[in-house]
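Colleague: What would the 3D arrangement of this be:
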Amino acid sequence: SYASVSELAQDLRAYLDGYPVSAQRLGASYRVGKFVMRHRVAVAMGGLLALSIFAGGGIAAYEARIAYLESQRATQAAKRASEEASRANREAKMAAEVTEFLVGLFRLANPDENVGQKISAKEVLDRGVDNLESELADEPELMSRMGLAIAETYLGLGLYDQAGSLLERSLEWAEQSTGKSSALTGSVLTAIGRQSLYAPAVPRGVDALERADAIFALSPGRGSVPWAIAHAWLGFCSSYKGDDLGAAPMLNEAVDVLRDAKDAPVSERIFALSKHGVTLSVVGEYDAARRSLQLAESLAKTEPGGAGYMNLVLNGLTIHYSHAEDYERALELAQQTYEKNVEDHGTDHPDILNSWSLTIIFLLKTDRNKKALAEATRFLAVARSLERTVDEAYAMRHLARAHLALGDVEQAWRVINEAEAQVVEKLGEEHGITRYVRASWAEVASAKGMHKEALAIARPLLERNESKYGPKSRITRDVKRMIARFEQGARAAK
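Modeller: Predicted structure coming up:
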């Protein structure tokens with residue numbers, strides 16, 4: 001309430017002018033509100049100014065943060081680039097040292113420096129191995145790289161045992177110097193996988209290649225060339241064990257990388273494409289198989305260093321035409337490959353045995369049975385001289401089939417029983433050649449009138465072939481035809 005009219009009039013003027021009135025409690029918020037009302041423009045301008053200052057400060061802080069992060073990224077990129085350059089320089093230095101070591105090693109075979117001495121390639125390599133630990137004992141990484149290079153040369157000479165021993169030592173040196181998951185360790189494991197298949201020591205090869213595959217899948221990653229090489233050999237292991245349906249997807253993945261990988265060794269590209277073609281031929285995918293084999297042939301003809309792998313391609317084409325049941329063409333290619341191998345290696349080298357074995361198979365398939373018998377007899381003698389258990393078993397199988405084709409059932413029976421006893425003892429029940437020998441045993445048994453015994457072998461073999469090679473495979477079709485003959489013989493004997 002007001003004491004007088006003049007107090008009321010004073011408050012009315014204050015209210016109209018935007019000042020506090022005496023009838024209202026004069027709190028801070030009330031006074032501030034009245035002040036803002038009196039000075040709207042000035043307060044608005046001041047607010048805008050404060051807001052712009054605040055916003056500008058925020059933007060500046062944000063931009064400073066971005067600049068800091070960019071600086072950090074640039075520093076890290078520079079550090080990575082420096083590390084990569086350092087690693088590249090180190091790799092180049094190591095490569096130069098390996099080259100210098102190997103060049104010095106092969107000076108041993110120079111007649112100008114070793115007058116009156118004839119030194120074989122094997123002796124040169126053996127001396128190199130002896131020098132590794134004596135000269136490089138404090139450099140295990142360099143020892144591993146040099147050991148890998150010498151082992152690859154052993155492999156090229158067919159000296160599989162020497163290669164295997166050196167590779168296992170190189171693996172120890174690699175793990176000691178660079179760790180169990182390094183690229184060097186992965187490379188040595190891949191080489192062990194290859195050597196184990198030639199030896200043959202398949203379980204060791206599979207273990208080594210699975211480790212290499214896992215290492216390269218992490219770094220440099222799936223889809224990289226090192227991973228694809230290990231993956232291709234792992235797929236070949238699966239095929240080697242008789243699981244071509246399982247091998248095909250792995251070889252598909254490897255070939256997808258290596259088909260156009262110009263930075264991959266031409267030998268590995270040709271190998272992957274050739275084995276891909278063979279595996280797809282086995283499972284009945286003939287068109288895709290032919291495309292891979294034709295590309296492998298093109299690489300062998302046109303790429304530097306490719307000519308040395310033409311026999312691998314010819315061998316793949318031989319198997320392809322075999323599974324497509326063009327046996328005349330398969331025989332022509334097998335003989336061509338065999339003759340080239342003999343020219344390159346002589347008649348007592350392991351590399352001739354595969355093409356030789358295929359030649360005998362296609363001689364039988366084309367009813368050149370006397371020629372097949374003569375070649376199988378020679379093949380057996382060479383396989384025994386080389387102590388090649390698998391090839392000896394193949395030779396005895398060829399020999400039994402040749403005797404059977406010529407009508408000498410009793411001689412075929414004697415040879416195939418000897419072959420079966422030998423493979424079971426030396427290689428075991430589950431080895432692929434054991435199954436091949438038993439299939440031939442069933443054929444000879446049926447010829448002797450033992451149809452039930454033959455069927456007891458053939459029917460489980462058909463189930464396995466359908467699961468491992470697929471229903472379109474020529475191998476599966478062969479067993480089906482064989483079973484039909486056995487069943488016909490059993491019916492006729494009743």
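Colleague: CA atoms only for stretch 312-319, dumped as CSV, please.
Modeller: In CSV, the C-alpha atoms belonging to stretch 312-319 read as follows (Å, rounded to 0.1, in the frame of the first residue of the first chain):
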residue,chain,number,x,y,z
LEU,A,312,54.7,-78.9,-64.5
VAL,A,313,52.1,-77.4,-66.9
LEU,A,314,52.4,-80.4,-69.3
ASN,A,315,51.9,-82.7,-66.4
GLY,A,316,48.8,-80.8,-65.4
LEU,A,317,47.4,-80.9,-69.0
THR,A,318,48.1,-84.6,-69.1
ILE,A,319,46.1,-85.3,-66.0
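Colleague: And for it, what's in contact with it?
Modeller: Outside stretch 312-319, the residues that touch it by C-beta atoms under 8 Å, 6 or more residues apart in numbering are 270-271, 274-275, 277-278, 281-282, 293, 296-297, 300, 330, 333-334, 336-337, 340, 354-355, 358, 362. Heads up, the C-betas are built off the backbone N, CA and C, glycines and all.
Colleague: residues of it that come out buried?
Modeller: Neighbour-count burial for stretch 312-319 flags L312, V313, L314, N315, G316, L317, T318, I319 (criterion: 16 or more other C-beta atoms under 10 Å).
Colleague: Which pLDDT value does the model give the fifth one?
Modeller: What that stands for is G316. pLDDT, G316: 93.
Colleague: And what about it, helix, strand or coil?
Modeller: Under DSSP: H, G, I helix; E, B strand; the rest coil, G316 falls in the helix class.
Colleague: What about the contacts of stretch 312-319, which are in helices?
Modeller: 270-271, 274-275, 277-278, 281-282, 293, 296-297, 300, 330, 333-334, 336-337, 340, 354-355, 358, 362 (DSSP state H).
Colleague: Put the buried members of the residues you listed into a ChimeraX selection.
Modeller: Per 16+ other C-beta under 10 Å, the buried members of the ones in helices among the contacts of stretch 312-319 correspond to this ChimeraX selection:
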select :270,271,274,275,277,278,281,282,293,296,297,300,330,333,334,336,337,354,355,358,362
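Colleague: tally of neighbours for Y154?
Modeller: Residues near Y154, counting by other C-beta atoms under 10 Å, number 23.
Colleague: which ones are touching S182?
Modeller: Contacts were defined as C-beta under 8 Å, 6+ apart; by that measure S182 touches A174, E175, I215.
Colleague: Put the alpha carbons of the helix or strand harbouring Q488 into PDB.
Modeller: Here Q488, judged by DSSP states H and E, is contained in helix 474-493. The C-alpha coordinates for helix 474-493 follow below in PDB (Å, rounded to 0.1, in the frame of the first residue of the first chain):
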ATOM      1  CA  ARG A 474      36.400 -89.600 -63.600                       C
ATOM      2  CA  ILE A 475      37.800 -91.600 -60.600                       C
ATOM      3  CA  THR A 476      34.300 -92.100 -59.300                       C
ATOM      4  CA  ARG A 477      33.100 -93.100 -62.700                       C
ATOM      5  CA  ASP A 478      35.900 -95.600 -63.000                       C
ATOM      6  CA  VAL A 479      35.000 -97.300 -59.800                       C
ATOM      7  CA  LYS A 480      31.300 -97.400 -60.800                       C
ATOM      8  CA  ARG A 481      32.200 -99.200 -64.000                       C
ATOM      9  CA  MET A 482      34.500-101.500 -62.100                       C
ATOM     10  CA  ILE A 483      31.700-102.400 -59.700                       C
ATOM     11  CA  ALA A 484      29.300-103.100 -62.600                       C
ATOM     12  CA  ARG A 485      31.900-105.500 -64.000                       C
ATOM     13  CA  PHE A 486      32.300-107.300 -60.700                       C
ATOM     14  CA  GLU A 487      28.500-107.600 -60.200                       C
ATOM     15  CA  GLN A 488      28.200-109.000 -63.700                       C
ATOM     16  CA  GLY A 489      30.900-111.500 -63.000                       C
ATOM     17  CA  ALA A 490      29.200-112.500 -59.800                       C
ATOM     18  CA  ARG A 491      25.900-113.000 -61.500                       C
ATOM     19  CA  ALA A 492      27.500-115.100 -64.300                       C
ATOM     20  CA  ALA A 493      29.200-117.300 -61.700                       C
END
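Colleague: Go ahead and name everything in contact with that helix.
Modeller: By C-beta under 8 Å, 6+ apart, helix 474-493 touches 282, 284, 322-325, 439, 442-443, 446, 449, 451-452, 454-455, 458-459, 461-462, 465-466, 469-470.
Colleague: Looking at those residues, which are in strands?
Modeller: Using DSSP state E to define strands, no part of the contacts of helix 474-493 is located there.
Colleague: out of those residues, which are buried?
Modeller: 282, 284, 322-324, 439, 442-443, 446, 451, 454-455, 458, 461-462, 465-466, 469-470.
Colleague: Let's see which of those end up in helices.
Modeller: 282, 322-323, 439, 442-443, 446, 451, 454-455, 458, 461-462, 465-466.
Colleague: one step back: now tabulate the contacts of S182 in a markdown table and tack on pLDDT.
Modeller: Compiled in a markdown table, the contacts of S182 are given as follows (pLDDT from 0 to 100):
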| residue | pLDDT |
| --- | --- |
| A174 | 96 |
| E175 | 96 |
| I215 | 97 |
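Colleague: Which of those residues fall within helices?
Modeller: Members of the contacts of S182 lying in helices (criterion: DSSP H): A174, E175, I215.
Colleague: out of everything not next to it in sequence, what's closest to the first one?
Modeller: Going back to what we said before, that points to A174. With sequence-adjacent residues excluded and distances taken as C-beta to C-beta, 6 or more residues apart in numbering, A174 is closest to S144, at 4.1 Å.
Colleague: Wait, that neighbour touches W173, no?
Modeller: Yes - taking contacts as C-beta atoms under 8 Å, S144 lies within contact range of W173: 3.8 Å.
Colleague: Just want the phi and psi numbers for G221.
Modeller: Backbone torsions for G221, taken as degrees, to the nearest 10, come to phi 120, psi 160.
Colleague: Where does the prediction get shaky in the protein?
Modeller: Within the chain, the stretches with pLDDT under 70 are 1-64, 80-119, 200.
Colleague: ok, R204 - contacts?
Modeller: Applying C-beta under 8 Å, 6+ apart to R204 gives the contacts I192, S196.
Colleague: can you count the residues close to the closest residue to L234 other than its chain neighbours?
Modeller: Distances taken as C-beta to C-beta, 6+ apart place L209 nearest to L234, at 4.3 Å, with adjacent residues excluded. The tally of other residues near L209 (other C-beta under 10 Å) stands at 26.
Colleague: Helix or strand: which one has I319?
Modeller: Element membership of I319, judged by DSSP H and E, is helix 310-323.
Colleague: Tell me what angle that helix forms with helix 474-493.
Modeller: Angle between the axes of helix 310-323 and helix 474-493 is 40 degrees (criterion: axes from the mean of the first three to the mean of the last three C-alpha atoms, to 10 degrees).
Colleague: Tell me the secondary structure at L404.
Modeller: helix.
Colleague: again, but for the one 10 residues further on
Modeller: Local secondary structure at R414 is given as helix here, using three-state DSSP.
Colleague: Look up how far L406 lies from it.
Modeller: From R414 across to L406, the span is 14 Å (C-beta to C-beta, to the nearest Å).
Colleague: what packs against the helix or strand containing the residue nearest to A174?
Modeller: Under the criterion of DSSP H and E, S144 resides in helix 140-156. With contacts taken as 3 or more C-beta pairs under 8 Å, 6 or more residues apart in numbering; DSSP states H and E, helix 140-156 sits against helix 40-106, helix 121-135, helix 160-178, helix 183-198.
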